[in-house]
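> Sequence plus the predicted model coming up.
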Amino acid sequence: MKQSAKLILTLLAIAAIALPAMAQVKVNPKVGVNFSGVDAQLQDITADARVGWNAGLDLRIGDGFIFFNPGAHYYSYTARLIKNVENPNDVKFEDETTIQNVKLPVNLGIRLTGDNGLIGLHVKGGVVPTMVTGVKEKQDFSFNKDDLNTFTLGANVGAGIDFLVFTLDANYEIGLNDFFKDATGRNNMLTVSLGLKF
């Protein structure tokens, strides 16, 4: 946790130095799909996250080579639940649920090309605090929000392309904490989003 706090403070310090004049703020609403890569063994249940969707808003603050890129996003993704059985001849129960969370990415971006032309390219990186807000409970499985760590932190890298007012972004988040309370497993996630910039 101390390392996470140091990372956030360092990122904020760099932003404060690099962006003394925040003359330009651009709003970037977006929607997308996400692909999770986490699985864990919870007592007699195996849980693994799969594809989902997301929607949110990013800001691009600063009109120079470096820009500050905070955001707020709602994520929902599917988790497959499999009830393990001791006897191979027994029926194995399988179902899917959804996990909802809010992500608040704090990124710094670098413009590889200008921001006002026909096409713009950028890369970014930072940290992503995440809060789990809910789990759709299933009748045959004792899996709920209490099985997950409410707050986690991830490291984020990404790249994007702008075409006029349209944006296309790809981000990869590496989980820095275990996603489940009583099991090992970090949620690494790929997100691809389409949006507008104005």
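Thanks, I have the structure now.
> When you work out contacts or count neighbours from here on, use the C-alpha atoms and nothing else.
Fine.
> next one: the regular element (helix or strand) spanning Val192 to chain centre, how far?
Element membership for Val192 (DSSP states H and E) is strand 188-196. Using Cα atoms, centre = their mean, to the nearest Å, we find the averaged C-alpha position of strand 188-196 to lie 8 Å away from the chain's own average C-alpha position.
> now the chain, which segments are flagged as low pLDDT?
Per-residue confidence of the chain (counting by pLDDT under 70) places the weak regions at 1-23, 38-49, 81-95, 115-116, 138-143.
> change it to 90
For the chain, the stretches flagged by pLDDT under 90 are 1-25, 36-51, 62-64, 77-99, 113-118, 135-148, 178-188, 198.
> what ranges do the strands span in it?
Assigned by DSSP state E, the strands in the chain fall at 25-37, 39-42, 45-61, 66-83, 94-103, 106-111, 119-135, 151-163, 166-175, 188-196.
> Relative to Asp182, tell me which of these wins on proximity.
Proximity to Asp182, assessed across the strands of the chain by Cα to Cα, is greatest for strand 39-42 (7.2 Å).
> could you dump the strands of the chain to CSV with mean neighbour count?
Output for those, formatted as CSV (neighbours: other Cα atoms under 10 Å):
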stretch, mean neighbour count
strand 25-37, 18
strand 39-42, 19
strand 45-61, 19
strand 66-83, 20
strand 94-103, 18
strand 106-111, 22
strand 119-135, 19
strand 151-163, 19
strand 166-175, 19
strand 188-196, 19
